[in-house]
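[1] the following block contains a protein sequence and its predicted model.
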Amino acid sequence: MTAISPTPTSWDRPHRAAERMARAWSLAIAGTSYVSMNGLEVQDFLTSLSTRVIQALTAETFDPTDVREVGSTLVAAHFTEPTTLERTLAVLAEQFGNAPVKRVAQIQGALASGYALALRDRVLDEQEEIRTAALWARARAEEGRRVSEARFQAIFAGAAIGMSVSTVDGQVIEVNQALCDMLGYSAEELRSMSFEDFVLPEDPPTAGAMFEEVLSGGRDQFRIEKPYVHKDGHRVWTDLVASIIRDEDGRPRWMVAMFEDITERYLLQVRLRHQALHDPLTQLPNRTLFFERLGSLLDGARDAEGQGGEAQGGEAQGSEGQNGEGQNGEGQSGEGQNGEGQSGEGQGGEARVGVCYLDVDGFKVINDTLGHDVGDQLLQTVARRLARSISGERQLVARMGGDEFVVLVERCGGIDEVVAVAEKALDTVRAPVHVGGHEISISASIGVVEQPLRGTSAAELMKAADTTLYWAKADGRNRLALFDAARHTREVKRYELSASMPAALERREFFVEYQPLVRLGDGVTIGVEALVRWRHPRFGVLGPDAFIGMAEETGLIVPLGRWVLHEACRQAAEWRRAVGDRAPIMSVNLAVRQMRDRTIVRDVRAILEQTGLPPEGLQLELTESAVMSTGDDPIEALNALAALGPRIAIDDFGTGYSNFAYLRNLPVHSLKLAGSFVAGLRPPEGPDPVDQEIVAAVIGLAHTLKLSVTAEGVETAEQASRLLELGCDTAQGWYYASSGPPSAIKLRTA
């Protein structure tokens with residue numbers, strides 16, 4: 001690098017010298033300080049300073065003032081790092097290598113002095129700014145603290161909700177006026193209390209644990225609904241929010257609690273729950289509360305069962321009951337506390353439950369004749385009586401709807417206890433009721449169920465109770481009936497059969513078997529009786545006794561009977577085509593519902609035409625009740641059927657009207673004696689003389705009316721022989737053959 005010489009020839013172009021020096025200077029101090037100028041801007045800045053330094057170098061008399069300003073200008077431009085000054089002095093020494101050493105030293109010293117003084121002033125200014133800022137920040141913080149404290153005090157004192165500040169050991173140290181007004185105590189009285197003074201039996205079970213967890217620092221906040229006692233003694237329900245305040249080390253120091261008075265809302269919720277769980281007419285618990293309590297018992301039994309399993313491993317726990325609530329007008333509903341860790345133990349130490357399902361007998365008649373107002377008053381009276389007479393913490397009386405009531409007997413000791421409750425209920429209801437100016441004598445029917453809680457469900461229990469109530473009504477009312485599992489199973493099976501019969505008919509699960517009708521004189525099969533069977537996929541082959549009654553009740557007997565008639569006529573026609581007139585007469589039963597069906601005559605005619613069976617090859621068997629009921633329709637149908645040509649037989653004669661005078665005017669061809677009369681002819685000690693006389697009289701009268709007689713249920717040769725002696729025409733029964741498929745019938749070929 002070319003050094004700058006102070007000779008006149010060296011400075012004939014001072015501006016270019018300053019530019020050369022500025023370039024060297026900018027390269028030397030590049031990166032030593034952080035400034036807001038780019039490279040070109042730094043070079044322009046240093047060019048002006050270089051000009052001033054060169055002027056000081058070439059001046060006749062050295063004035064350090066201007067050079068000192070160069071140093072202070074560098075500091076003002078934020079070239080403040082020591083390395084910047086060091087390299088600047090090196091650049092001066094290098095650039096002014098040909099200049100007098102003294103003048104160069106003077107320039108370096110003046111620049112360094114100005115740089116140092118400016119840097120000192122800068123540091124002092126910054127320190128002053130920092131001190132001023134610190135004082136200002138401290139003043140603002142103090143002001144903020146005062147404002148914050150004033151604001152907190154204003155909020156704390158003027159808050160509409162109650163507030164308190166307590167120590168972590170439970171001592172109250174500050175309360176606001178709202179809390180004093182809420183609880184009726186003065187601030188001094190509240191400050192003298194601790195947490196223990198506010199603990200109540202009604203507190204939620206988790207309240208104590210939450211307080212302990214907050215005070216121990218395990219959690220910072222919790223919220224809970226908790227009651228407090230007002231100074232005058234009444235309960236104040238609050239929505240409590242408690243928060244912990246920690247010190248600088250994170251240790252819990254205080255607890256701030258906020259209390260909102262929710263007493264009105266809580267009481268409204270209680271009233272709404274009572275309305276939701278109680279019958280508005282009788283004020284008894286309704287079906288919702290009943291099933292809630294029953295479900296609680298069942299859940300408790302399941303929990304106890306699970307805990308019992310754990311107990312075998314060394315851990316056993318008690319079960320907790322459920323609190324009931326509510327009153328029933330004039331009497332208690334029996335919704336006391338279930339207790340905790342208790343369960344009813346009947347025989348064998350097993351938790352059991354009882355249900356008494358009660359229905360007022362003849363209530364619909366009372367409603368229809370005396371009016372719904374009288375009916376409502378009657379139900380209210382019955383409800384009050386039941387609530388008064390059947391009360392206790394283990395008994396719940398509820399209205400299920402309409403005139404049905406139910407008593408839940410919790411933790412019962414056995415069936416005798418439940419029966420005693422049911423009998424008390426019956427006696428209570430039987431007392432005459434005076435309502436609306438009427439004295440009404442009423443009664444009730446009750447279904448009683450008592451079962452272990454384990455292994456049952458609410459639906460199964462109530463289904464059993466409902467079924468048992470139906471039994472009580474069917475048995476004559478004004479009584480109780482006990483649940484019979486075997487009977488219930490039979491009725492469930494009966495219902496299943498009834499429900500599946502339509503589909504079974506479509507799936508062709510029914511089939512027909514045939515039992516011979518034998519002429520007693522020579523033992524020749526002259527006819528067969530068609531007997532329907534049901535090949536059930538679950539219960540196997542069922543005889544008509546298992547389903548014909550249900551078919552008549554449901555009306556399915558009409559399509560089923562039509563199918564049986566068609567199938568029997570088809571088979572009879574097939575036999576007739578095979579052996580001609582020697583084919584047996586086909587005897588088919590017609591039920592009462594079929595005779596009352598308006599299409600019966602049309603159906604029989606159509607079936608005969610479709611199968612090709614001559615009318616004389618068919619015999620229709622009817623019971624006495626099918627043709628001897630009131631009205632002319634069955635008689636007209638019977639006459640119309642007879643007009644088609646089939647024979648008409650009266651089945652099970654002797655079990656119904658047994659009216660020969662009535663039969664005289666009917667188009668009947670034959671009587672079939674009921675098997676009960678025939679059974680009297682086969683005792684081991686000899687025929688029953690009464691039955692024998694009855695059979696003889698019936699046969700004689702039938703023959704007088706020109707009717708043939710068929711005896712059913714012949715099982716022995718003695719019976720057959722006796723019937724022949726009495727003049728009976730034909731017989732059927734196991735003595736000859738049981739029912740079987742068409743192939744089992746022996747057809748006459750000659």
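    Right, received. Where do you want to start? If you're wondering where the values come from, they're calculated on a predicted model, not measured in any experiment.
[2] which strands or helices does the helix or strand hosting residue 358 pack on?
    Counting by DSSP states H and E, the element that carries residue 358 is strand 352-360. Helices and strands touching strand 352-360, by 3 or more C-beta pairs under 8 Å, 6 or more residues apart in numbering; DSSP states H and E, are helix 372-389, strand 404-410, helix 415-430, strand 444-452, helix 458-474. C-betas here are computed from N, CA, C, even on glycine.
[3] now the ones you listed as JSON lines including distance to residue 554 and mean pLDDT?
    Formatted as JSON lines, these follow (distance: least, C-beta to C-beta, whole Å; pLDDT from 0 to 100):
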{"stretch": "helix 372-389", "distance to residue 554": "32", "mean pLDDT": "92"}
{"stretch": "strand 404-410", "distance to residue 554": "25", "mean pLDDT": "94"}
{"stretch": "helix 415-430", "distance to residue 554": "32", "mean pLDDT": "92"}
{"stretch": "strand 444-452", "distance to residue 554": "24", "mean pLDDT": "94"}
{"stretch": "helix 458-474", "distance to residue 554": "17", "mean pLDDT": "92"}
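[4] these into a markdown table, with extra columns for distance to residue 257?
    Converted to a markdown table, the helices and strands packed on strand 352-360 look like this (distance: least, C-beta to C-beta, whole Å):
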| stretch | distance to residue 257 |
| --- | --- |
| helix 372-389 | 43 |
| strand 404-410 | 40 |
| helix 415-430 | 49 |
| strand 444-452 | 48 |
| helix 458-474 | 43 |
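[5] make a markdown table out of those and add distance to residue 136 and mean neighbour count.
    Shown next, in a markdown table, are the helices and strands packed on strand 352-360 (distance: least, C-beta to C-beta, whole Å; neighbours: other C-beta atoms under 10 Å):
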| stretch | distance to residue 136 | mean neighbour count |
| --- | --- | --- |
| helix 372-389 | 79 | 19 |
| strand 404-410 | 76 | 25 |
| helix 415-430 | 85 | 18 |
| strand 444-452 | 82 | 25 |
| helix 458-474 | 75 | 18 |
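[6] so which of these gets nearest residue 296?
    If you check each of the helices and strands packed on strand 352-360 against residue 296 by C-beta to C-beta, strand 404-410 wins as the nearest, at 9.4 Å.
[7] so what strands line up beside the closest one?
    According to DSSP bridges, strand 404-410 forms sheet pairs with strand 352-360 (antiparallel), strand 395-401 (antiparallel).
[8] returning to what we had before: from the chain's centroid, how far away is the strand holding residue 358?
    Between the centre of strand 352-360 and the centre of its host chain there is 23 Å, according to C-alpha atoms, centre = their mean, to the nearest Å.
[9] same check on stretch 284-293?
    In terms of C-alpha atoms, centre = their mean, the centre of stretch 284-293 is set 15 Å apart from its chain centre.
[10] and residue 732, backbone torsions?
    phi -150, psi 150 (degrees, to the nearest 10).
[11] whoops, residue 412 was the one
    Main-chain dihedrals, residue 412, degrees, to the nearest 10: phi -70, psi 160.
[12] ok, for it, nearest residue in space, not its chain neighbours?
    With sequence-adjacent residues excluded and distances taken as C-beta to C-beta, 6 or more residues apart in numbering, residue 412 is closest to residue 354, at 4.3 Å.
[13] which of the strands paired with strand 404-410 sits closest to residue 520?
    Nearest to residue 520 among the strands paired with strand 404-410 is strand 352-360; the distance by C-beta to C-beta comes to 54.1 Å.
[14] next SSE after that closest one?
    helix 363-370.
[15] may I have that next one as PDB, with CA atoms only?
    Taking C-alpha atoms only, helix 363-370 is exported to PDB below (Å, rounded to 0.1, in the frame of the first residue of the first chain):
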ATOM      1  CA  PHE A 363    -111.700 -50.000  37.500                       C
ATOM      2  CA  LYS A 364    -112.700 -49.500  33.900                       C
ATOM      3  CA  VAL A 365    -116.400 -50.100  34.800                       C
ATOM      4  CA  ILE A 366    -116.100 -47.400  37.600                       C
ATOM      5  CA  ASN A 367    -114.500 -45.000  35.100                       C
ATOM      6  CA  ASP A 368    -117.200 -45.600  32.500                       C
ATOM      7  CA  THR A 369    -120.200 -45.500  34.800                       C
ATOM      8  CA  LEU A 370    -119.300 -42.900  37.500                       C
END
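[16] ok, and for that helix, which residues are buried?
    The neighbour-count check on helix 363-370 (16 or more other C-beta atoms under 10 Å) flags 363, 366, 367, 370 as buried.
[17] hmm, residue 439 and the last one touching each other?
    No - because the distance of 11.4 Å does not satisfy C-beta atoms under 8 Å, residue 370 is recorded as not touching residue 439.
[18] output the longest helix belonging to the chain.
    Counting by DSSP state H, the longest helix found in the chain is helix 101-158.
[19] give me the mean pLDDT for it.
    Here the mean pLDDT over helix 101-158 is 82, rounded to a whole number.
[20] can you spell out which helices and strands pack onto it?
    In terms of contact count using 3+ C-beta pairs under 8 Å, 6+ apart, helix 101-158 is assigned the packing partners helix 39-58, helix 64-76, helix 82-95.
[21] list the helices and strands the longest one packs on?
    Yep, that's helix 39-58 we're talking about. Using 3+ C-beta pairs under 8 Å, 6+ apart: helix 39-58 touches helix 14-29, helix 64-76, helix 101-158.
[22] in this protein, what helix or strand scores lowest on average pLDDT?
    Within the chain, judged by mean pLDDT, DSSP states H and E, the helix or strand with the poorest mean is helix 660-663; its value is a mean of 70.
[23] which residues sit against the helix or strand following it?
    Using DSSP H and E, the next helix or strand after helix 660-663 towards the C-terminus is strand 670-673. Contacts made with strand 670-673 from outside it, assessed by C-beta atoms under 8 Å, 6 or more residues apart in numbering, are listed as 619, 621, 647-654, 663, 695, 698, 702, 707-712, 728.
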